[in-house]
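A.B. asks: Sequence plus the predicted model coming up.
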Amino acid sequence: MLSTPALVLSIMLFGLGLIGLLSRRNILYMLLSLEIMLNAAALAFIAGGARWGQVDGEIMFLFILTLAAAEVSVALGIVLQLSHRFRTLDADAFCEMRG
Amino acid sequence: MEILFYIAAAVTLLATVRVITHVHAVHALLYLVVALIALALIFYLLGAQFAAALEIIIYGGAIMVLFIFVVMLLGPLAVEQERTWLTPGAWVGPSILALILLGEVGYLIAAGDHTPIVATETRQKGISIALYGPYIIGVELASMLLLPGLIGAYHLGRRHSKEAR
């Protein structure tokens, strides 16, 4: 069975995405890292579905796909707004909320 | 089967590392497309053909086109990098990784192992039945998520274009 190595791969991909999210300050790369982490979660679901022979894993993948499409469309609109307003993509420049 | 999985996994990891370590956005996007296609191949090897097709069509197609579109729209931030993006060296890495994947797909076709494809019929049916049976609430919630996503993207994009005028 391939599901255990697939789970290990999904853990590694999720870790890489997390490292990218934490280390990069460019907001576009932070979005890309989020995509990587979503894909890692989807891979874990597919591996689980393959392990137990159920279709629920693929259904969860469909939901993750929907979520990613909605998230990316809104987040890229925000990126465009921010780049227009601040003339940079540095996440540290958008600290008006002091968060 | 096993060795194909490990090669595809190595390609995915390599491309993902290049995504998070790259300086140029377009290069990172190229590597991310390769990583997504490799992930689609892994889905196929795990027996989830429908998920593999959706991964290529929606992730590798639609979402990556959105990203590339926005990177192009960022314009002034990227103008000075445009020349360095268009060097032939930028395409070598992703092309090699994509060729490895193409070799794997060619091997899968040549090997002619159609046993999982027979089982696909009932599996697709099971997905559809489960999606509109026990998971109907999830489908409704997804539609309620997509409509605000559409409206939000329209609103953000519209204000931006009015400002530019």
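C.D. replies: Arrived safely, thanks for sending. Because the structure is predicted, anything quoted here is derived from the model rather than measured. Residues are numbered from 1 along each chain as shown, chains lettered A, B, ... in the order given.

A.B. asks: Residue B:104: neighbouring residues, count only.
C.D. replies: 20 (other Cβ atoms under 10 Å in any protein chain shown). C-beta: built from backbone N, CA, C; applies to glycine.

A.B. asks: give me the low-pLDDT residue ranges for chain B?
C.D. replies: Along chain B, segments meeting pLDDT under 70 span B:75-87, B:113-121, B:159-165.

A.B. asks: Spatially central residue for it, please.
C.D. replies: In chain B, the centroid-proximal residue (Cα atoms, centre = their mean) is residue B:60; its distance is 2.7 Å.

A.B. asks: quick one: low-confidence parts of chain A?
C.D. replies: Across chain A, the ranges flagged by pLDDT under 70 are A:97-99.

A.B. asks: Quick one: distance of the helix or strand residue A:59 falls within to the chain centre.
C.D. replies: Residue A:59 is part of helix A:56-86 when elements are defined by DSSP states H and E. Relative to the mean C-alpha coordinate of its chain, helix A:56-86 is positioned 9 Å out (Cα atoms, centre = their mean, to the nearest Å).

A.B. asks: how about that helix: buried residues?
C.D. replies: A:56-77, A:79-80, A:82-84 (16 or more other Cβ atoms under 10 Å in any protein chain shown).

A.B. asks: swap in stretch B:94-111?
C.D. replies: So for stretch B:94-111, counting by 16+ other Cβ under 10 Å, buried means B:94, B:97-98, B:100-101, B:104.

A.B. asks: chain center to the longest helix along chain B, what's the gap?
C.D. replies: In chain B, with assignment by DSSP state H, the single longest helix is helix B:136-164. How far helix B:136-164 lies from its chain's middle: 21 Å, per Cα atoms, centre = their mean.

A.B. asks: and that helix, which residues are buried?
C.D. replies: Quick answer for helix B:136-164 (16+ other Cβ under 10 Å): B:138, B:142, B:145, B:149, B:152-153, B:156-157, B:160.
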